[in-house]
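Q: need coordinates for the below:
(4 chains)
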2 protein chains.
Amino acid sequence: MKPIPRRTIYRLSVYLRSLHRLQENHVATVSSDALAKAACVKPTQLRKDLGHLGPVGKRGLGYPVDVLVGKLTAFLGTNRFQPVIIVGMGNLGTALFSYKGFEKAGFEIIAAFDNDSGRARGKGLSVKIQPMEELAGVVKKRSVKMAILTVPGTAAQEVANQLVAAGITAILNFAPVILLTPESVIVNNVNLAIELENLAYFIQ
Amino acid sequence: MKPIPRRTIYRLSVYLRSLHRLQENHVATVSSDALAKAACVKPTQLRKDLGHLGPVGKRGLGYPVDVLVGKLTAFLGTNRFQPVIIVGMGNLGTALFSYKGFEKAGFEIIAAFDNDSGRARGKGLSVKIQPMEELAGVVKKRSVKMAILTVPGTAAQEVANQLVAAGITAILNFAPVILLTPESVIVNNVNLAIELENLAYFIQ
DNA sequence: CTGTGTGAAGGCTTTCACAGCC
DNA sequence: GGCTGTGAAAGCCTTCACACAG
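A: Next up, the predicted model:
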C-alpha cells in the first residue's frame, strides 16, 4: 500500500469530527455528498480520502456512520490511549491544560511542567505543576510519547532537546521558532502570529 | 502578475520572523542558503518564494536584511496598523488576549467580548470585557476587520454570523467547527485537537 | 567565483469521468 | 436510480539546472 498524503490525514480528522456530531444525532448512514458539505470539501475528494481506508461505503446508500467512525479512530491511532504532557505553564499552557477539546479527541494531559513549579497559575488546576527535573522520570514511567510545548521562544529549543532526550517522539510546538530535532521526532508547529499575519494579507 | 501560492504566503511569514532575529543581531546581509536553513526549507524554494516580491537580492552577495524586511512587511500588510478583536474570553481567549506574539507581529487586540461580560477572568486584564451587544459598534467605530474567535463550538456559528454582520472580514477560528461564511470573509482554522490527532497518527 | 533569478522538469494533490455495486 | 470506488487528467507546488549579475 502506498503512503497516504499528509493533507488527507488532516482531513480524515475533520471528517471524524463531523461524524461524531452525526453519531450524537443518531444518524445511521451518511452520503459522501452530505459529509463533504459538512467538512467543506468536494464529494470526490472525500471519497478519495476514505478510499485509503479500504471499501467502507455501501453503494447506492452511503457510509455507515458507526463503522466509519471505528475505522477512522483505528486508523488515526486514537483508539489506543495516548498520554500527553505539557511543558510551559504560562497563560497559553495553562489554557491548553484545561482545554476540553483534547479529551474529547481522546487525549489526556497527564502532567504539566514548568521551570517555576510554584507558578501562581498552578492554583486551581487539577494537577500540580512539576519542576523540569522530573520530566524524564514521568515520561519514562508512563511511556509518554507526545508533548505540547508552550514555553517562550527563547527557551523552546533547549526544552525541546530535553524532551527528545527523555524519549518524546512527537511535539506540538506553540513557540514561534523552528525546532531542530532528530528525523525520528515529529514536530507540528502552531504559530498563532503567523495565522493572523496570513489573514492580514488576504484582507488587503 | 499571477497569484502567489498560498503556501508561499505562509513561508514568507516564517522568513520574516527569522529576519527579525537577524536584525536584532545586526546582521546586514544574508544568503538564501543561510536563511533557508534557519527556516528549514530548501534554498531554491526560498529564492523562488522571494522572487515573487521582485528582485531583492544582490547576486554573489545575498539579501540585504533591512530591505527584505521592509518588502516583506509591506507585502504581508503588516506595515499598516491592524486592530483585532477577540470574542470568547474563556481560558483560551484570555490566554490569547495576553499573548505577546501578536504585538510582536504588529497586531494589537483592541477589545475583548463575551456573553458574560463580568467573567471572573476579566479581573487583572488591561481592558474590560465587553458584552456582545457592543461588538457591532466597536467594529464600526474602529474599522476592525480581523477577529479571533474562541467561543465553544456550539456557539461558534452564531457568533461568526454576528461578526460577519458587524463587518468583520477575517476570522481566526479556534472553535472545532467549520464555519459557514460568505465568500468575501476569510477564515483560518486553528484546530488544536486535530493537530494532536495528527501527531498521534505519525508516531504509530 | 559566489550566490540570485527563473524556465523546465518532476512530484504530489485534487478533480474529473465513469465503471461497478446496491 | 443512487451513490461509492478508482484510474486518468489537470492543476499546483517543489526541485532542478543553469543563465546571469556582482
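
Q: would you mind extracting the C-alpha trace of the longest helix anywhere in chain A into PDB?
A: For chain A, the helix that runs over the most residues, judged by DSSP state H, is helix A:6-24. The C-alpha trace of helix A:6-24 is given here as PDB (Å, rounded to 0.1, in the frame of the first residue of the first chain):
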ATOM      1  CA  ARG A   6      -0.300  14.300   4.600                       C
ATOM      2  CA  ARG A   7      -3.200  16.500   3.700                       C
ATOM      3  CA  THR A   8      -5.500  13.500   3.600                       C
ATOM      4  CA  ILE A   9      -4.600  12.600   7.200                       C
ATOM      5  CA  TYR A  10      -5.700  16.100   8.300                       C
ATOM      6  CA  ARG A  11      -8.900  15.900   6.500                       C
ATOM      7  CA  LEU A  12      -9.700  12.500   8.000                       C
ATOM      8  CA  SER A  13      -9.600  14.100  11.400                       C
ATOM      9  CA  VAL A  14     -12.000  16.700  10.200                       C
ATOM     10  CA  TYR A  15     -14.400  14.100   8.900                       C
ATOM     11  CA  LEU A  16     -14.200  12.200  12.100                       C
ATOM     12  CA  ARG A  17     -15.300  15.300  14.000                       C
ATOM     13  CA  SER A  18     -18.300  15.800  11.700                       C
ATOM     14  CA  LEU A  19     -19.100  12.100  12.100                       C
ATOM     15  CA  HIS A  20     -19.100  12.400  15.900                       C
ATOM     16  CA  ARG A  21     -21.800  15.000  15.600                       C
ATOM     17  CA  LEU A  22     -23.800  12.800  13.400                       C
ATOM     18  CA  GLN A  23     -23.500  10.000  15.900                       C
ATOM     19  CA  GLU A  24     -24.800  12.300  18.600                       C
END
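
Q: need the residues that contact it.
A: Under the criterion CB atoms under 8 Å, 6 or more residues apart in numbering or on different chains, residues A:30, A:35, A:38-39, A:41, A:45-46, A:48-50, A:52, A:65-66, A:68-69, A:72-73, A:75-76, A:78, B:176, B:178, B:191, B:193-194, B:197-198, B:201-202 lie in contact with helix A:6-24. Quick note: C-beta positions are derived from backbone N, CA and C, even for glycine.

Q: just the buried subset of those residues, written out for PyMOL, thanks.
A: Selecting only the buried members of those in PyMOL, with burial defined as 16 or more other CB atoms under 10 Å in any protein chain shown, works like this:
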select buried, (chain A and resi 30+35+38+39+41+46+49+50+65+68+69+72+73+75+76+78) or (chain B and resi 176+178+191+193+194+197+198+201)
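
Q: chain neighbours aside, what residue packs nearest to residue A:174?
A: Setting aside the residues directly before and after it, residue A:174 is nearest to residue A:150 in space (CB to CB, 6 or more residues apart in numbering or on different chains), at 4.8 Å.
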